[in-house]
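**Student:** Provide a 3D model corresponding to the input given below.
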Amino acid sequence: MSNSARSSAACLPAGLADLRLEIHGSRCSIGAEPGSPLPPGLQRLQLTGLFFDVPWDLQLADTLSGCPELTHVELEVSTDDLLAALLSRLPRLRCLRIHDCSLLTRQAWANLRSLAAWPLDLMEFRALGCTGSSLTDEAVADLCASPVARGLRRLHLSDCSQWTAAALASIASGCPWLTELQLEGFRRDPAMSASRRPSS
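**Tutor:** I've put the predicted structure just below:
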């Protein structure tokens, strides 16, 4: 963490509930060093414009786990380990938005099934910029079979270019409370159109 960013974190009011931090032009990792805790009562956190070094992802998770009141988290980027840590360590989390999921692998989605023991009540999940090789039909099936999906009202995913009708079926069965769905890059499976044609 840069000296200026570390000093800023140290000066934050203890009762702060909403923090939005945007930094450009420097390699900065919130939580990358000890002695930079965030206010424990923080409820909403937005960290964008940051370059996160992958080795610091779990340090960031450790820092955020010191804020058990967090309900809304918005990050520029995530890794497999950071995604699982956020979902398992923040019991009040209702909204998770990640702008760049290009570092997520296929394993990130498989790991979500292991969260079955955690009392999650996530209402909004936004994972943008996933690679097509990561966000597959199987990945969506893992997501929708996990506790992450069961209470979702809003779901926004990209890139969905590798999906077939199976992914939509997983969402339909695994997200019964969904009211808003945004899928970027989705291409309708020709088999879907064929199945709707009346037989002659």
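
**Student:** switch to C-alpha atoms for all contacts and neighbour counts from now on
**Tutor:** Fine.

**Student:** Do you know the pLDDT at Asp159?
**Tutor:** In this model, Asp159 is scored at 92, pLDDT.

**Student:** Next, count neighbours for it.
**Tutor:** Counted with other Cα atoms under 10 Å, the neighbours of Asp159 add up to 22.

**Student:** Going forward, the N-terminal residue is numbered 896.
**Tutor:** Sounds good: first residue 896 from here, last item Asp1054.

**Student:** and it, what are its phi and psi?
**Tutor:** phi -100, psi 130 (degrees, to the nearest 10).

**Student:** who touches it in this structure?
**Tutor:** Contacts here follow Cα atoms under 8 Å, 6 or more residues apart in numbering; on that basis Asp1054 touches 1023-1027, 1030, 1078-1081.

**Student:** which one is Asp975 nearest to, not counting chain neighbours?
**Tutor:** Nearest residue to Asp975, sequence neighbours excluded (Cα to Cα, 6 or more residues apart in numbering): Ala1003, at 4.6 Å.

**Student:** wait, isn't the one you found in contact with Leu978?
**Tutor:** Yes - using Cα atoms under 8 Å, Ala1003 is in contact with Leu978, at 7.4 Å.

**Student:** that's a helix at Leu988, yeah?
**Tutor:** No - secondary structure of Leu988 (DSSP: H, G, I helix; E, B strand; the rest coil): coil, not part of a helix.

**Student:** Give me the neighbour count for it.
**Tutor:** Leu988: 23 surrounding residues under other Cα under 10 Å.

**Student:** where does the nearest residue to it once chain neighbours are set aside land on pLDDT?
**Tutor:** In space, not counting the residues next to it along the chain, Leu988 is nearest to Thr966; the distance is 4.0 Å by Cα to Cα, 6+ apart. On pLDDT, Thr966 comes in at 97.

**Student:** Enumerate every residue touching Thr966.
**Tutor:** Thr966 touches 938-939, 985, 987-990, counting by Cα under 8 Å, 6+ apart.
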